[in-house]
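no sequence on hand, only this structure:
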C-alpha cells in the first residue's frame, strides 16, 4: 500500500484502515465527523487516542516521515485528538479538496464583515489592549490600557493563549468550568515570510513536459529544507504573476522548523501592546526602493511593522535558489515576516487535545457559564481549526446564544 504512494495517499489509506469506509466520497463532512467520533480502534475510542499513535499502527515509520516531509506540514500529523484529526485531514488535504481565493485577498472577508457591523450601528475601536475584566452579576467592567468600559454582555473572540493571558486579571476565566474548557486545545505555531521582487523570476525554474516549456507560476513548492513551503502569490485579480512586481510567501513553516529562524529575529513570545512597536529586528533588511507616498499608508505601515532582518532575507534567498535549482535569485525588494506563535496569539492554529470530546466542548464553551452573559468563539474551538471557516462557525453558534 505504501510503495509508490504520495504523502497524501499514504495518510488517506491509513485513515481508511483506522475508520473503514470514512474515505467514501459520498460522505459529507458531518458524516465523517460522526464516524470518527463513534469509532473504536485497537480496543479504545478514537477520541482517547492520538493521531500519530494510530497512524504508526498501520504505516511504517518511513512512510510517516515521507508524509510529513512531502506534505509540507509537521503539526498536522502530530499527536492531537485522532477523532478530530481524521475528518479534519480528509476535509483539508485528503479527498481532492479545491482551494479558492479572493481577488482582493482574503482580508476582504473581515473587512466586509466589519463594514456590515458598522452599517448596523456597531462601533469598532482599534489599539485598545484588554488587561482584564470583572463581573458583578449585572455588569462587566473591562480594564483597557489607559481606559475602562462597561458592558451588559461580553464576547471573547480569542484563541486559548489570549484567554490565558487575560485570566490572571479576570476571575471568571479562572473558574474550574471555564479553565477546563479553554484548556481543551493546544496552540500550534505557524511562521510566514513574504518577499517581493521586480518580476516573477521563479517562472524560469519550470520544465519541459514534452509539449513545451511549463513555467512555475502558481501553487506551491514543498521541501524538507527549513523554508518548507513556498507559495507563488497571484496578482490582485487572482491570476498568476507573469511580469512586473511580484511576491512570494517565501516560507510557510510550522512545528520545529520555526526555530530555524530564531537567530534572525527578536526574542520569541515577547508580549507587546497592539499600539506599541514590535521589538526591534536585529540588522533589519533595508529596501533599495525609493520612498514614495503610498496609496494605502495603513497597509504599508503594517508591513513595515513586521520587517524581516537582513540575515533572514539572505538565508531564505539561498534556500529559494536551492529548491528552484537556480544558482542566482534576484534581489529582494521588500520583506516581512510573522510568527503567529508570538503573544497574544500563541499559535497560528489550535488542535483538540487527546481525550477531549470536542463536540461537547464546542457547544459548552460558547457560553461556558449558563447564568453569565460571557461568550467565547473563534477558530480554536471549532471543527475547522486553522481556518477562517472555524471562526465563522463558532461565531454563528455564539450569535444563536447571545
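That came in fine, so what should we check first? Because the structure is predicted, anything quoted here is derived from the model rather than measured.

which residues touch residue 157?
Residues counted as contacts of residue 157 (Cβ atoms under 8 Å, 6 or more residues apart in numbering) are 376, 377, 378, 391, 395. All C-beta spots, glycine's among them, are computed from the backbone N, C-alpha and C.

so the protein: which segments form each domain?
7-94, 108-187+346-401, 190-287+295-339 (automatic domain parsing).

which two of the contacts of residue 157 have the greatest separation?
376 and 391 (11.8 Å; Cβ to Cβ).

out of the domains of the chain, indicate the one that is most buried.
When those are scored by mean count of other Cβ atoms under 10 Å, the highest mean neighbour count falls to domain 7-94 (a mean of 18).

and that one, how far apart are its ends?
Domain 7-94 has an end-to-end distance of 10 Å (Cα to Cα, to the nearest Å).

equivalent analysis for stretch 367-374, please.
6 Å.

check the offset of that stretch from the chain's centre.
28 Å (Cα atoms, centre = their mean, to the nearest Å).

what residues does that stretch touch?
Contacts for stretch 367-374 (Cβ under 8 Å, 6+ apart): 135, 140, 152-154, 156, 172, 175, 177-178, 181, 375-376, 398, 401-402.

quick revisit: so for residue 101, which of the domains of the chain sits nearest?
Among those, domain 190-287+295-339 comes nearest to residue 101, with 6.0 Å by Cβ to Cβ.

let me see the contact set for the most centrally placed residue in the chain.
Closest to where the C-alpha atoms of the chain average out (Cα atoms, centre = their mean) is residue 348, at 3.8 Å. Shown in contact with residue 348 (Cβ under 8 Å, 6+ apart): 188, 189, 190, 191, 254, 340, 341, 386.

show me those that map onto strands.
188, 190, 191, 254 (DSSP state E).

may I have the beta-bridge partners of the closest residue in space to residue 81 that isn't next to it in sequence?
Leaving aside its chain neighbours, residue 81 sits nearest to residue 352 (4.1 Å; criterion: Cβ to Cβ, 6 or more residues apart in numbering). According to DSSP bridges, the residues that bridge with residue 352 are residue 185.

hmm, back to that, now the ones in strands among the contacts of residue 348 in CSV, please, with extra columns for pLDDT.
Putting those into CSV (pLDDT from 0 to 100) gives the following:
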residue, pLDDT
188, 94
190, 93
191, 94
254, 92
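
so which helix or strand takes in the residue nearest to residue 90 when sequence neighbours are not counted?
Spatial nearest neighbour of residue 90, chain neighbours left out: residue 32 (5.9 Å); criterion: Cβ to Cβ, 6+ apart. Here residue 32 sits within helix 29-38, counting by DSSP states H and E.

what helices or strands is that helix leaning on?
In terms of contacts (3 or more Cβ pairs under 8 Å, 6 or more residues apart in numbering; DSSP states H and E), helix 29-38 is packed against helix 82-89.

sounds good, over and out.
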